[in-house]
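Peer 1: Quick one: sequence plus predicted model below, questions after.
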Amino acid sequence: MAKTFKWGIIGLGRIARKFASDLNMVPNAQLHAVASTSAERARQFADEFGAPYAYGNYAEIVQCSDLDVVYIATPHVLHAENTLLCLEHGIPVLCEKPFAMNRQEALRMVNASRRNRAFLMEALWTRFIPAVDYALALIAQGEIGDVHTVKADFGFHMPFDPHSRVYNKSLGGGSLLDIGIYPALLSLFVLGKPLPEHIQAAASFSSTEVDESCAFILDYPDKRLAIGHSSIVANTPVEASIYGTEGTIYLHPRWHFAKKVTVSHYEGNTELKRDMEFPFEGWGYHFEAAHVMACLEEGRLESDLVPLDFTLDLMETLDAIRERIGLEY
Ligand SMILES: NC(=O)c1ccc[n+]([C@@H]2O[C@H](COP(=O)([O-])OP(=O)(O)OC[C@H]3O[C@@H](n4cnc5c(N)ncnc54)[C@H](OP(=O)(O)O)[C@@H]3O)[C@@H](O)[C@H]2O)c1
């Protein structure tokens, strides 16, 4: 009989609700324990999603017996602390993006995973969305020839509120770490190693001193470019195009959980297009949850699709972009 995986969640905000609802769709997954800064919120959340254990602080959840894995869904600035708490108790972790505030912090988390032999993965759910997975497989097979440009954006209009997580600098606010990470991760997944030789970036800032909009260019060897844009003050198309010498792959909006891919091939001056649909139910977080369980089942300490070295490279790239725009936390 297949093992049931008992999940815990730390931080019961917006994304935790979506994740818990998607977890219901994963065979053999069970929400076992939740932890909040508020005992009342923990109890309500546990009742709503059927978790037997509810904690009114984060420290106690690691004492919960039988936990197989904990999902960290707190603001960015708490990811390292919350992840380390679990790992030091030998509990596997799926940690929300951005994994940490910088590469140095991320490395401490990675080292703790390796030292304690406890699984760790950044929750880059986009990698597990079937349309994205399909696009990456096509690119790897050479379907559009040699890739020379990756272009992606992610922007949404978020009314200004200095206290909201997205505008609050002390919580790691700003567009780059919240959503600019998506164009960055697509570039890294497609263009791989070595990392870009040169990075250019510019940003506009809110009165709370976080980047409202950020644009970056990753300049790779061999004439390859990645162009990314993020914004918390504008609704942008949220689309991604990957251009190769023989064609283009277009991930339809919102590309980071795309349900449609268009593949185009150049035939002289014309472009032949074919569409592929990848419908799914739920928000799309069930794919990453199922992958984590498969990794645990196989006794892996990290994912083969989102390995820890990838996360460190992504953090390094985000650090470099932040350095260019002059954003320090
Ligand atoms: N993968 C995705 O698609 C996706 C989407 C959105 C967000 N995220 C990531 O998930 C993380 C959480 O985002 P969210 O949108 O869910 O945020 P949110 O709605 O603000 O929830 C964050 C939760 O963290 C807890 N928390 C602990 N200390 C806090 C503090 N000082 N200030 C505010 N909250 C605090 C709170 O829960 P308790 O009081 O219950 O502990 C709060 O509800 C972020 O790192 C974000 O980048 C990922």
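Peer 2: All right, it came through fine.
Peer 1: from here on, contacts and neighbour counts on C-alpha atoms
Peer 2: Will do.
Peer 1: Which parts of the stretch 201-329 of the chain are strands?
Peer 2: For the stretch 201-329 of the chain, the strands defined by DSSP state E, counting those that start in this stretch cover 211-220, 224-231, 240-244, 247-251, 260-267, 270-277.
Peer 1: Could you say which one of those strands comes nearest to the ligand?
Peer 2: Ranking these by distance to the ligand, with Cα to the nearest ligand atom as the measure, places strand 224-231 first at 13.4 Å.
Peer 1: What residues sit buried inside the closest one?
Peer 2: By 16 or more other Cα atoms under 10 Å, the buried positions in strand 224-231 come out as R224, L225, A226, I227, G228, H229, S230, S231.
Peer 1: The first one and D146 touch, don't they?
Peer 2: No: if you go by Cα atoms under 8 Å, R224 and D146 don't touch, sitting 9.4 Å apart.
Peer 1: quick one: the spatially most central residue of the chain from R254, how far?
Peer 2: Among the residues of the chain, L124 comes closest to the average C-alpha position under Cα atoms, centre = their mean, at 2.9 Å. Here L124 is placed at a distance of 15 Å from R254 (Cα to Cα, to the nearest Å).
Peer 1: roughly how far apart are the residue in the stretch 101-250 of the chain that the ligand sits nearest to and M158?
Peer 2: For the stretch 101-250 of the chain, the residue positioned closest to the ligand under Cα to the nearest ligand atom is D178, at a distance of 4.9 Å. Plainly put, D178 is 12 Å away from M158 if you go by Cα to Cα.
Peer 1: Wasn't K6 part of a strand?
Peer 2: Yes: for K6, which was evaluated using DSSP: H, G, I helix; E, B strand; the rest coil, the result is membership in a strand.
Peer 1: Buried residues of the longest helix seen in the chain, list them for me.
Peer 2: Determined from DSSP state H, the single longest helix within the chain is helix 308-325. For helix 308-325, the buried set under the neighbour-count rule, 16+ other Cα under 10 Å, comprises 308, 310-322, 325.
Peer 1: counting contacts, what elements does that helix pack onto?
Peer 2: In this structure, helix 308-325 packs against helix 103-116, strand 120-122, helix 181-191, strand 198-205, with contacts taken as 3 or more Cα pairs under 8 Å, 6 or more residues apart in numbering; DSSP states H and E.
Peer 1: okay, the ones you listed in CSV with mean pLDDT, distance to the ligand and mean neighbour count next?
Peer 2: Converted to CSV, the helices and strands packed on helix 308-325 look like this (pLDDT from 0 to 100; distance: least, Cα to the nearest ligand atom, whole Å; neighbours: other Cα atoms under 10 Å):
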stretch, mean pLDDT, distance to the ligand, mean neighbour count
helix 103-116, 98, 14, 18
strand 120-122, 99, 9, 26
helix 181-191, 98, 9, 23
strand 198-205, 98, 19, 16
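Peer 1: okay, those in TSV with distance to R14 next?
Peer 2: Conversion of these to TSV gives the following (distance: least, Cα to Cα, whole Å):
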stretch	distance to R14
helix 103-116	23
strand 120-122	18
helix 181-191	18
strand 198-205	25
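Peer 1: Run through who's touching the longest helix of the chain.
Peer 2: Outside helix 308-325, the residues within contact range by Cα atoms under 8 Å, 6 or more residues apart in numbering are 98-103, 106-107, 110, 120-122, 176-177, 181, 184-185, 188, 195, 199-203, 216, 302, 328.
Peer 1: Cool, thanks, talk later.
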